[in-house]
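# take a look and give me a structure for this.
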Amino acid sequence: MIAANKMSKAFILLFFFFSVLVSYAQVNLGLEKRVVRINVHNQPPRQVLSTLGNELGVSVSYNADFLKEGKITIQSDSLQLREVIDSLFFKKNLKFRLIGNQLVVYESVEEALALDTCYQAMEGRLIDGFTEQGLERATIKELYTNQLTVSNKDGKFRINVPCDQDNIQLEISAMGYRSRFISQPVAGEMGPIIMEGDYIALKEVLILSLQADLLLEAVLKKVCDNYVNQPTKATSFFREAILKNNKMVALSEAVFDVYNQSYGTIGKRDLTHLIKGRKFIDHSNIDTVDFKMKGSLRSCLELDVVKQQPYFFNLNSYEDTYQYTFNTIVEYNGRDMYVINFRHRPTAEGLPYEGKMFIDKELKSLVSIEFELNRRSMRKTDDDFVVKKSKNVKTKFQSAYYHVHYTDVDGKLAMNYAYFTNSFKVKKKNSMFSAKYETIGEYVVNKFRMEDVDKIKPRETFPAEKIFMDEPMEYSDSYWRGINFLPINKPLLESSDELQKILSSN
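Numbering: from 1, shown residues only. Reported below is the predicted structural model:
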């Protein structure tokens, strides 16, 4: 009787197993013929199964005793799942089914259910490397099974891994901390895991929300430390263009020697000596209207905001005239740069500039700046941009944009690039249509000299404030070496090869 009862229970249990698997078979109809895309090279079978699980969006359970040895290469987007499984296990005709979110590879019914239910728990604790306190709300991912968990308020976490899994590989990440990757045997004890703070990210979040104006103050106070504090000579290239309705009507190019005053000197202008120049003017277009915008080498030299110190970059006035906010942090030439936005206060003095500054994080120095005039806030503009205007001409300001960059000169900074463009709509009194006039100026330094720097003599000085386009120039083909005018739609910094050929004549 007892034996009969045991047989009856075994039969019921076996019937239950088969009933479960029949239901699985219905759910997994066509699984064996499912086409998978897999691309692995020289990987152990265990890692290939992990990749397969990622492709299918499941974890894979299996008997590790049946895995092949060695390394596998599979590169295909047309293999059926059965073919992939057979290539990884030496045991032939293994079955596989989806059970929950697992792909279970098994030989017998009992083994399938055992693989589905057998897990072992791995526990650990995350520690903040600075405070030595538990780190909560960190994300822990087990890379073989794609399981995720989160640490509690004490930094503790628990993750379940299949009984047949020999190793775990954890990826641990938390806001403001450097990510860590942990690989160890499942059987081993997991000790405390130290998480090191990503101090750049943590400090910047705090500073970005509170300290933009104080950072600018630090930059202004360190000008004498960070910028060239002695006179230099710079061999420079300058060009100026005038466009009417986007058509070139005048273009000039020149090579100058520039005597740069020290950045510690206030109120003294840089001196310029013209080496060679050339120009092209389409008189049939430019003379049709009695209107002329400012344009000169001086316009570029005065964009040196560190030396000229306009309202938005002046220790005595920046707080009263402009608002400053952090934008982001970027990398430039391997160095971290703060990006600060600035905007003119509506009731403050001066022209309504707005733009962004790029400040070296370590040195606290301005490396580059881009800014423009806020057209909506403009009150009066002609005096700032127009040299000559007939009574029969009406003008309307359109835009003004500037870009300045500084470079390293023997461990200090100096301006080596300046660009400006401004535009107006111009309408003659008896004309139905207006024309758009645009002036573009660009200045780039080829080389700085810091030794044997002599001041440019008065008789050799070219007045940098002169409208360069108006100056007579004798063209020298031997100097320009047959090189055409550099394309105006391409920044000078991108025309370095042609520029070097021109400057090598000097």
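# which positions in stretch 174-181 come out as buried?
By neighbour count on 16 or more other C-beta atoms under 10 Å, the buried set for stretch 174-181 is A174, Y177, R180. C-betas here are computed from N, CA, C, even on glycine.
# output it as CSV, nothing but the C-alphas.
Presented in CSV, the C-alpha positions along stretch 174-181 are these (Å, rounded to 0.1, in the frame of the first residue of the first chain):
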residue,chain,number,x,y,z
ALA,A,174,26.6,56.1,-8.9
MET,A,175,26.2,59.8,-9.6
GLY,A,176,29.3,61.7,-8.7
TYR,A,177,31.5,58.6,-8.4
ARG,A,178,33.8,56.8,-10.7
SER,A,179,32.3,53.6,-12.1
ARG,A,180,33.8,50.3,-11.0
PHE,A,181,34.0,46.8,-12.5
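# got any ranges where the stretch 1-150 of the chain has weak pLDDT?
1-30, 99-101, 108-119 (pLDDT under 70).
# touching, V60 and L103? I think so.
Yes - the pair V60 / L103 is scored as a contact, 4.8 Å apart, by C-beta atoms under 8 Å.
# between the two, who's got more neighbours?
Neighbours per residue (other C-beta atoms under 10 Å) separate V60 from L103, with V60 holding more: 26 against 23.
# quick one: that one from L49, how far?
5 Å (C-beta to C-beta, to the nearest Å).
# equivalent analysis for S61, please.
10 Å.
# those two: which is more packed in?
S61 (28 against 25).
# if I look at that one, how far off is P162?
Following C-beta to C-beta, the distance that separates S61 from P162 is 5 Å.
# which ones are touching G70?
P44 (C-beta atoms under 8 Å, 6 or more residues apart in numbering).
# please shift the residue numbers so they start at 386 in all later answers.
Let's use 386 as the start, then, which means that last one is G455.
# doesn't it belong to a helix?
No - using DSSP: H, G, I helix; E, B strand; the rest coil, the assignment for G455 is coil, not a helix.
# how near is it to V421?
The gap separating G455 from V421 is 21 Å, by C-beta to C-beta.
# now F475
Taken as C-beta to C-beta, the span from F475 to V421 is 20 Å.
# between the two, point out the one with more neighbours.
V421 (17 against 12).
# ok, the more buried one touching Q465?
Yes - checked against C-beta under 8 Å, the pair V421 and Q465 is within contact range at 7.5 Å.
# list residues touching both of those two?
Between them, V421 and Q465 share no contacting residue under C-beta under 8 Å, 6+ apart.
# next helix or strand past the helix or strand of the chain with the lowest mean pLDDT?
When each helix and strand of the chain is scored by mean pLDDT, DSSP states H and E, helix 387-412 comes last, with a mean of 43. Sequence-wise, the next helix or strand downstream of helix 387-412 (DSSP states H and E) is strand 420-428.
# contact partners for the residue nearest to the spatial centre of the chain?
With distances taken as C-alpha atoms, centre = their mean, V715 lies nearest the centre of the chain, 5.5 Å away. Contact partners of V715, counting by C-beta under 8 Å, 6+ apart, are D721, M722, V724, F743.
# could you give the bridge partners of it?
Assessed by DSSP bridges, V715 has beta-bridge partners M722.
# repeat for Q708
Per DSSP bridges, the residues bridged to Q708 are R728.
# tell me how many other residues surround it.
By other C-beta under 10 Å, 17 other residues sit near Q708.
# okay, now the domains of this protein?
410-502, 504-582, 590-888 (automatic domain parsing).
# mean pLDDT for those: which is lowest?
With a mean of 76, domain 410-502 has the lowest mean pLDDT of these.
# distance from the chain centre to that one, please.
Relative to its chain's centre, domain 410-502 lies at 41 Å (C-alpha atoms, centre = their mean, to the nearest Å).
# what's the answer for stretch 706-718, then?
Its chain's C-alpha centre and that of stretch 706-718 lie 13 Å apart, by C-alpha atoms, centre = their mean.
# alpha carbons of it, in CSV - could you do that?
Output of stretch 706-718 as CSV, limited to C-alpha atoms (Å, rounded to 0.1, in the frame of the first residue of the first chain):
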residue,chain,number,x,y,z
THR,A,706,26.5,95.9,-15.9
TYR,A,707,26.3,92.2,-16.6
GLN,A,708,24.7,88.9,-15.3
TYR,A,709,26.9,85.7,-15.3
THR,A,710,25.7,82.1,-15.3
PHE,A,711,27.5,78.8,-15.8
ASN,A,712,26.7,76.9,-19.0
THR,A,713,28.8,73.7,-18.9
ILE,A,714,32.3,72.3,-18.8
VAL,A,715,34.1,71.3,-22.0
GLU,A,716,37.6,69.9,-22.9
TYR,A,717,39.9,71.9,-25.1
ASN,A,718,43.4,70.7,-26.0
